[in-house]
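In: sequence-free structure coming up:
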Ligand SMILES: C[S@@+](CC[C@H](N)C(=O)[O-])C[C@H]1O[C@@H](n2cnc3c(N)ncnc32)[C@H](O)[C@@H]1O
């Protein structure tokens, strides 16, 4: 049963994200610091889940409250929404959730609010019908602008995309092909008592039946495996570097895709991993753990003149910063922080990045453009002009099972097994 302390910390995290505009990463860092380790998974369950389902239960709560809470009581709004989420999603008796939520109000410095919390929750339990979603926004727990954008982009699959965004993500491992085969690792994992299956999408992927901390994973510290979603593991499927290839990963941190390329393609002669200052340490940590080597550069993709040595690349991977609309289940703060106008800003930057990197590509070279977005404005969109301007480069659209073909690329829509990612390649004549 979640304690009052667990409910209070979860409410603080939710409040920081929803009312203060903090990222979930920052909010979690701040509030999980002082919490006993054994409580963290319960807090995560409530806080992450409530953030995924906020737009549903906040709507339900608004109909329940006769007038909105005062601005200084907004933390109680988060606490109440956490309570409503728990009634529907946790296997706990209603009375236990009510008791912990009421007691949590005192821990949040609002002891006088306990009767209000009690009254709201009890009247909600009496009138269960009030949980019926009043709109698609509530049904799919997604802000209207985003729901409309996804519906427009995927008229036949939009509800599948939104439903996937509300599920808990699986924990997916990538077996290091340089160290052992997937079958060997799976056997080892099962011998250690873990229950896991192979990914149907990625040939390197293993999906755990139940997430665990990386410290518990056999061979993680020794570089036998990494944590990476199955669709993100498709990067090597979309390129085939030749013997002696020079590769640039232009947005490389924390190094998930570049380390995968090095594991799968030993013929790569050199790989340069670029990211913004302050972000390259994470790449370095991953390279060290996996026993791989790359040249690290802290720099700006948009200013190659400040870091490029003039030698052309055979393969440039541009895993561009994006809205993250394909990974919302892993990052439930995305639906709270993104605005419609952000999509235009991302698309402009993505197009600029692709255009700046194009001259760095050798004749015959490949620009592999990737995002974790499901919105065409960020996917085909930023490449269209480059594609039109340079008549030589033809989009290569290998048919990969599980992906939908778009004008220029391949779109994986999120489902039970994997996240939503987009891959497209332009080749230089
Ligand atoms: C989607 S993430 C990359 C994930 C990475 N490829 C992986 O697989 O682990 C996008 C990255 O772009 C970086 N980035 C954003 N703007 C940048 C810029 N102007 N120059 C260099 N890197 C940038 C971000 O710091 C972030 O690490």
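Out: Nice, I can see it. Here the structure is a predicted model, which means the values were calculated and not measured. Numbering: from 1, shown residues only.
In: quick one, strands of the protein?
Out: With strands called from DSSP state E, the chain shows them at 171-175, 196-198, 205-208, 225-227, 245-249, 268-275, 295-298, 313-319, 361-371, 395-396, 404-405, 409-412, 421-427.
In: Can I get those in CSV including distance to residue 94?
Out: Every C-beta, even on glycine, is put in place using the N, C-alpha and C of the backbone. Shown next, in CSV, are the strands of the chain (distance: least, Cβ to Cβ, whole Å):
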stretch, distance to residue 94
strand 171-175, 30
strand 196-198, 34
strand 205-208, 31
strand 225-227, 35
strand 245-249, 50
strand 268-275, 47
strand 295-298, 52
strand 313-319, 45
strand 361-371, 42
strand 395-396, 54
strand 404-405, 42
strand 409-412, 39
strand 421-427, 39
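In: Export those strands as CSV, with columns for mean neighbour count.
Out: Putting the strands of the chain into CSV (neighbours: other Cβ atoms under 10 Å) gives the following:
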stretch, mean neighbour count
strand 171-175, 25
strand 196-198, 16
strand 205-208, 21
strand 225-227, 21
strand 245-249, 24
strand 268-275, 21
strand 295-298, 16
strand 313-319, 24
strand 361-371, 21
strand 395-396, 18
strand 404-405, 14
strand 409-412, 24
strand 421-427, 25
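In: which one of those strands lies closest to the ligand?
Out: strand 313-319 (3.5 Å; Cβ to the nearest ligand atom).
In: Can you check what angle separates that closest one from strand 268-275?
Out: 40 degrees (axes from the mean of the first three to the mean of the last three Cα atoms, to 10 degrees).
In: quick one on the thing from earlier: want to try a markdown table for the strands of the chain, with mean pLDDT and distance to residue 216 as columns?
Out: Below are the strands of the chain laid out as a markdown table (pLDDT from 0 to 100; distance: least, Cβ to Cβ, whole Å):
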| stretch | mean pLDDT | distance to residue 216 |
| --- | --- | --- |
| strand 171-175 | 98 | 11 |
| strand 196-198 | 98 | 13 |
| strand 205-208 | 98 | 10 |
| strand 225-227 | 98 | 12 |
| strand 245-249 | 98 | 29 |
| strand 268-275 | 98 | 28 |
| strand 295-298 | 98 | 29 |
| strand 313-319 | 98 | 28 |
| strand 361-371 | 96 | 30 |
| strand 395-396 | 61 | 40 |
| strand 404-405 | 95 | 36 |
| strand 409-412 | 96 | 29 |
| strand 421-427 | 96 | 27 |
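In: Contact residues of the protein facing the ligand?
Out: 251-257, 274-276, 279, 300-302, 319, 321 (Cβ under 6 Å from any ligand atom).
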